[in-house]
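K.L.:
The amino acid sequence is not available; the structure is as follows:
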């Protein structure tokens with residue numbers, strides 16, 4: 001049993017407690033006695049006990065938020081599966097699982113070392129320690145602790161997110177080997193370098209850089225509209241351009257042909273899981289939630305709580321904007337559009353979640369949703385085929401999110417979340433921060449598009465970027481993965497042709513021109529080109 005000791009507090013601690021008790025030293029000593037314990041190591045100072053509590057709370061905070069970010073992989077998996085044709089479901093699900101596994105190994109071997117290393121060392125371009133977690137107990141992690149394991153876990157969850165975004169953009173026609181190549185390349189090199197530039201206190205773009213911040217400010221990207229979403233979205237855009245559109249996506253006149261996904265249910269499930277995970281992504285990016293000083297702790301929990309509020313409002317405004325604009329165009333309340341609206345709202349606020357007012361978050365979601373719609377229209381005009389609209393959502397709206405923070409960041413909130421960051425242009429910040437945001441967008445865009453473009457061009461040169469037309473027609477599940485995601489038959493054909501037979505019976509027959517009917521809501525048949 002622990003026993004009280006009279007000499008628990010040192011003089012400084014006793015003086016501080018006496019002040020708390022309005023000068024009553026007797027009460028302060030009694031309080032010390034209640035806190036005191038004797039263990040196998042003897043006397044434990046009050047500061048050590050509080051430090052242990054701080055470490056435990058912050059470790060739990062990082063671990064639970066890292067798990068929330070990882071839940072987003074389930075969201076990506078469901079969203080991608082529902083938004084593509086059923087004959088490619090197994091392929092996209094396998095890619096999502098491998099994104100997590102491959103990025104974990106790459107992050108362990110080189111990614112973390114390039115991005116963070118020791119928090120107090122490194123050069124403006126990359127870090128210089130922490131490869132394969134060497135000498136981990138001696139390394140200062142991003143949370144400021146020595147060898148905190150949960151830091152590695154939390155930062156890996158972000159790396160895995162950036163890595164998985166391009167999969168939706170190049171879905172249904174990308175060679176599996178090419179997919180593995182870009183997964184390794186992004187998680188081991190492209191993404192970690194950007195992390196160091198923007199988030200490390202040694203990075204040349206970083207608002208945490210106290211030695212020589214760019215324009216006296218540095219770039220504010222609180223949770224990664226630029227670092228994570230721009231990286232994944234622009235990599236996906238380069239893949240879309242170089243791999244080309246899916247067979248049949250555009251007719252002979254260059255007009256787009258609809259290729260709807262096979263399950264709105266999975267799309268909604270994926271959207272809700274992503275929404276849930278974003279509460280680890282943005283609020284969790286304070287890294288810590290408790291500090292030894294009261295002022296530091298208040299900065300952490302105020303910033304984290306505000307990020308949760310702004311995230312919610314940006315997503316909600318994105319949903320309502322998408323609902324209204326789609327109805328104006330098509331006179332229908334479109335489910336898939338509102339799911340996209342929520343996600344573009346979240347991407348748009350991710351950079352500024354901690355530093356803007358709630359009303360500004362609503363503006364971020366509204367403009368993000370409108371920008372997304374315009375970009376999707378433009379991509380089709382340019383014959384860029386992005387099955388999940390991942391490049392407009394993450395790439396273009398990620399750019400908007402970074403610029404938005406440069407305009408709407410408030411002096412008070414920047415002071416809580418950053419050490420020396422300037423505030424937004426609309427608050428009289430002088431343009432320093434907005435100039436950093438523009439430079440950040442240009443540099444990240446150039447870095448990602450140049451490197452991933454070179455990789456995809458090399459893969460295309462060696463004819464390993466895209467699957468054959470025959471494999472694409474049959475579907476990747478059958479041609480590459482040995483079967484279908486759905487074990488059922490419809491009209492004598494596998495579910496890769498008629499997915500709705502999971503729920504009802506279809507007795508129609510194939511007609512003379514090789515067109516296979518698809519089940520309707522009441523068992524009626526709609527014509528669907530075979531293999532589409």
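P.N.:
Yep, it's here. Computed from a predicted structure; not experimentally measured.

K.L.:
Residue 159 sits in which helix or strand?
P.N.:
In this structure, residue 159 sits in helix 149-169 according to DSSP states H and E.

K.L.:
Give the buried residues for that helix.
P.N.:
150-169 (16 or more other Cβ atoms under 10 Å). C-beta coordinates here come from the backbone N, C-alpha and C atoms, glycine included.

K.L.:
continuing past it, what's the next helix or strand?
P.N.:
Later in the chain than helix 149-169, the nearest helix or strand by DSSP H and E is helix 176-185.

K.L.:
now whatever helix or strand comes next after that following helix, how far from the centre of its chain.
P.N.:
With elements assigned by DSSP H and E, the helix or strand that comes after helix 176-185 is helix 191-199. Helix 191-199 has its C-alpha centroid displaced from the chain centroid by 14 Å (Cα atoms, centre = their mean, to the nearest Å).

K.L.:
what's helix 191-199 packed up against?
P.N.:
helix 112-115, helix 149-169, helix 432-461 (3 or more Cβ pairs under 8 Å, 6 or more residues apart in numbering; DSSP states H and E).

K.L.:
Recalculate using a threshold of 10 Å.
P.N.:
helix 89-106, helix 112-115, helix 149-169, helix 231-243, helix 432-461 (3 or more Cβ pairs under 10 Å, 6 or more residues apart in numbering; DSSP states H and E).

K.L.:
quick one: residue 483 and residue 474 touch, right?
P.N.:
No: with contact defined as Cβ atoms under 10 Å, residue 483 does not reach residue 474; the gap is 11.7 Å.

K.L.:
Those two: which is more packed in?
P.N.:
More neighbours surround residue 474 than the other of residue 483 and residue 474, with 17 against 11 (other Cβ atoms under 10 Å).

K.L.:
Residue 83 versus the closest residue to residue 388 other than its chain neighbours, what's the distance?
P.N.:
Leaving aside its sequence neighbours, residue 388 sits nearest to residue 168 (Cβ to Cβ, 6 or more residues apart in numbering; 3.3 Å). As judged by Cβ to Cβ, to the nearest Å, residue 168 and residue 83 stand 7 Å apart.

K.L.:
same deal with residue 11?
P.N.:
Noted for residue 11: a distance of 65 Å to residue 83, by Cβ to Cβ.

K.L.:
And for residue 483?
P.N.:
Residue 483 sits 21 Å away from residue 83, going by Cβ to Cβ.

K.L.:
and if you look at residue 480?
P.N.:
Taking Cβ to Cβ as the measure, residue 480 falls 19 Å from residue 83.

K.L.:
for the residue lying closest to residue 453 once chain neighbours are set aside, what are its contacts?
P.N.:
Leaving aside its sequence neighbours, residue 453 sits nearest to residue 238 (Cβ to Cβ, 6+ apart; 4.5 Å). If you count contacts by Cβ atoms under 10 Å, 6 or more residues apart in numbering, residue 238 has them with 166, 169-170, 182, 391, 395, 448-457.

K.L.:
Ignoring the adjacent residues along the chain, who's closest to residue 451?
P.N.:
residue 190 (5.4 Å).

K.L.:
got a list of what the one you found touches?
P.N.:
Residue 190 neighbours (Cβ under 10 Å, 6+ apart): 162-163, 182, 231-232, 234-235, 444, 447-448, 450-452, 455.

K.L.:
A helix includes residue 470, no?
P.N.:
Yes: judged by DSSP: H, G, I helix; E, B strand; the rest coil, residue 470 forms part of a helix.
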